[in-house]
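Colleague: Please work out how this folds:
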Amino acid sequence: MDKKGFTIEVTSRYDGWWRYNAALMCGCFDAEDRRIGFASAESAVAAVGANLAERPADIPADRRAVLETMPCDHLVLYLYLIPHTLPAGNDIDANKPFEIELKIAYDGHRLRTEKRTINQWSGASIEMRIDAKNSQ
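Modeller: Numbering: from 1, shown residues only. Down below sits the predicted model:
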C-alpha cells in the first residue's frame, strides 16, 4: 500500500461558519528542507462582500475544508478564513470570536487536533509548520 501524506481538516460548530470562505495551501518539504510539492484546497461559499442574509441551501451547516498532500517530511501550512458576510450588528458582546477545529493527520494517523479562536470581523491568517515525524 502506498504511503499517504498529510490530511488537514478544518471544521466549526459555530452557526455562522457559513459566512467564511476557507482556503488552505502548503508547501511540502523533504528532510533537507527542499520544497518537493505544493497543495491547496478551498471551501468557498460566496464572493467577499456578498452580505448574504442566510446560509445558502446547498451549503451544509457542518461543512469542512480538507487539504491532502503527497508524502513528505514536513509542510508549511497557510490557512485563510475570509469573511464574505460580516456580522449583522456592531455589538462586540453579541459577536464574540468563534472556534474552528483543525484535525491534522499523516499517513492516516492522527497527529493532533487543535482549536483556534477566530475574530468574526477579520477572519484569520494562520501559518504553521507540521512535521510528519510526530506521526510515527
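Colleague: From His109, how far off is Tyr14?
Modeller: Taking C-beta to C-beta, to the nearest Å as the measure, Tyr14 falls 28 Å from His109. Heads up, the C-betas are built off the backbone N, CA and C, glycines and all.
Colleague: So for those two, which residue has more residues nearby?
Modeller: When Tyr14 is set against His109 and neighbours are counted by other C-beta atoms under 10 Å, the residue ahead is Tyr14, at 16 against 12.
Colleague: per-residue pLDDT, that one?
Modeller: Tyr14 carries a pLDDT value of 96.
Colleague: which residues touch it?
Modeller: Residues in contact with Tyr14 (C-beta atoms under 8 Å, 6 or more residues apart in numbering) are 98-100.
Colleague: out of the residues you listed, who's nearest Glu114?
Modeller: Ile100 (8.9 Å; C-beta to C-beta).
Colleague: tell me which element the closest one is part of?
Modeller: strand 98-106 (DSSP states H and E).
Colleague: which residues touch that strand?
Modeller: 4-14, 16-17, 79, 81, 110-118, 120, 130, 132, 134-135.
Colleague: Now, of these, which are buried?
Modeller: Among these, those buried by neighbour count (16 or more other C-beta atoms under 10 Å) are 5-12, 14, 17, 79, 81, 111, 116, 118, 120, 130, 132, 135.
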